[in-house]
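**Student:** this one's structure only:
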């Protein structure tokens, strides 16, 4: 199974379960995540979701080994945004990483251990809150390979961080540790290594105690409208053409063993 689901009281925990690839997302995983969060939003028995990764890492992004294959590239082409797509709220479709184009009516908390980089950073930014362990690392590591941010990263990072700090992350791709992420506003809590999930569960449990209609109304009001988000995502998707020009070759270099562990000197 590429993801696992667990329900604790009124909290749904969604875990990316590809530890051998630092929980990088392939097409099967993206579809499973998309389906899991749509099901969560429609499930009256749960109020809050947590997104996390198995065995010490959140998510290392889109699986570049998969991106170097026809299967991976076909998936990205299959989720291309059509010109007729106009409302991200009522007409949802998967993003390359899965749920990144969804606007949910209920909050999602990211519990981040280890790497949350490239598309994994975009998934963390898609969540409403981020709990990071002291061992967490965030970064636009795909900068090294000519792979663009096409899962809402260029939209959500400026909203979370402010334009200047978002520019720093987006342009340099540099690794950002947990304390730096907290100072920037990317991490909402920093906890000892290994405790991100349990802290996220504690926060989720607290949220479930509040009157839910009011909480969800305020949550929705704080988000961009569906049409606004759709317009921004359509603009961001134009970057996909750069993947065709540069990213496929970069993905192949990564698949050959270059740049592992966030090494910026070996690309």
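**Tutor:** Received, thanks. Bear in mind the structure is a predicted one, so any value in this text is a computation, not a measurement.
**Student:** CA atoms for contacts and neighbours, from now on please.
**Tutor:** Will do.
**Student:** can you pull out the helices in the chain?
**Tutor:** 27-42, 64-67, 70-78, 119-126, 153-161, 163-172, 178-184, 196-208, 212-221, 226-237, 240-242, 248-255 (DSSP state H).
**Student:** What's the mean pLDDT across the fourth one?
**Tutor:** pLDDT averaged over helix 119-126 equals 98, rounded to a whole number.
**Student:** quick one: it to helix 153-161, angle?
**Tutor:** 50 degrees (axes from the mean of the first three to the mean of the last three Cα atoms, to 10 degrees).
**Student:** mind checking how far helix 119-126 is from the chain centre?
**Tutor:** Centre-to-centre, helix 119-126 and its host chain are 2 Å apart (Cα atoms, centre = their mean, to the nearest Å).
**Student:** what's it packed up against?
**Tutor:** helix 153-161 (3 or more Cα pairs under 8 Å, 6 or more residues apart in numbering; DSSP states H and E).
**Student:** what do you get for the first one?
**Tutor:** Under the contact definition 3+ Cα pairs under 8 Å, 6+ apart, helix 27-42 sits against strand 3-8, strand 11-16, helix 70-78.
**Student:** Sketch out the low-pLDDT regions of the protein for me.
**Tutor:** Within the chain, the stretches with pLDDT under 70 are 87-91, 242-267.
**Student:** one more time with 90
**Tutor:** 1, 64-78, 80-93, 142-148, 224-228, 230-231, 234, 237-267 (pLDDT under 90).
**Student:** Tell me which residue is most central in it.
**Tutor:** When the chain is reduced to its mean C-alpha position, the nearest residue by Cα atoms, centre = their mean turns out to be residue 123, at 0.6 Å.
**Student:** Which residue is the nearest non-sequential neighbour of that residue?
**Tutor:** Take residue 123 and drop its neighbours on the chain: the residue closest to it by Cα to Cα, 6 or more residues apart in numbering is residue 100, 6.4 Å away.
**Student:** residues in contact with that neighbour?
**Tutor:** 94, 122-123, 126, 151-152 (Cα atoms under 8 Å, 6 or more residues apart in numbering).
**Student:** ok, these vs residue 21, which is closest?
**Tutor:** residue 123 (16.3 Å; Cα to Cα).
**Student:** Can you read off the backbone torsions of the residue nearest to residue 123?
**Tutor:** phi -70, psi -10 (degrees, to the nearest 10).
**Student:** For the remainder of this discussion, apply numbering that starts at 11.
**Tutor:** Okay, residue one is now 11; in that scheme the one you just asked about reads as residue 110.
**Student:** Next, work out how far apart it and residue 213 are.
**Tutor:** 22 Å (Cα to Cα, to the nearest Å).
**Student:** With residue 52 instead?
**Tutor:** Counting by Cα to Cα, the gap from residue 52 to residue 213 is 21 Å.
**Student:** Which of those two has more residues huddled nearby?
**Tutor:** A direct count of neighbours by other Cα atoms under 10 Å for residue 52 and residue 213 places residue 213 higher, at 16 against 13.
**Student:** Report how far apart the opening and closing residues of stretch 82-93 are.
**Tutor:** Termini of stretch 82-93 sit 22 Å apart (Cα to Cα).
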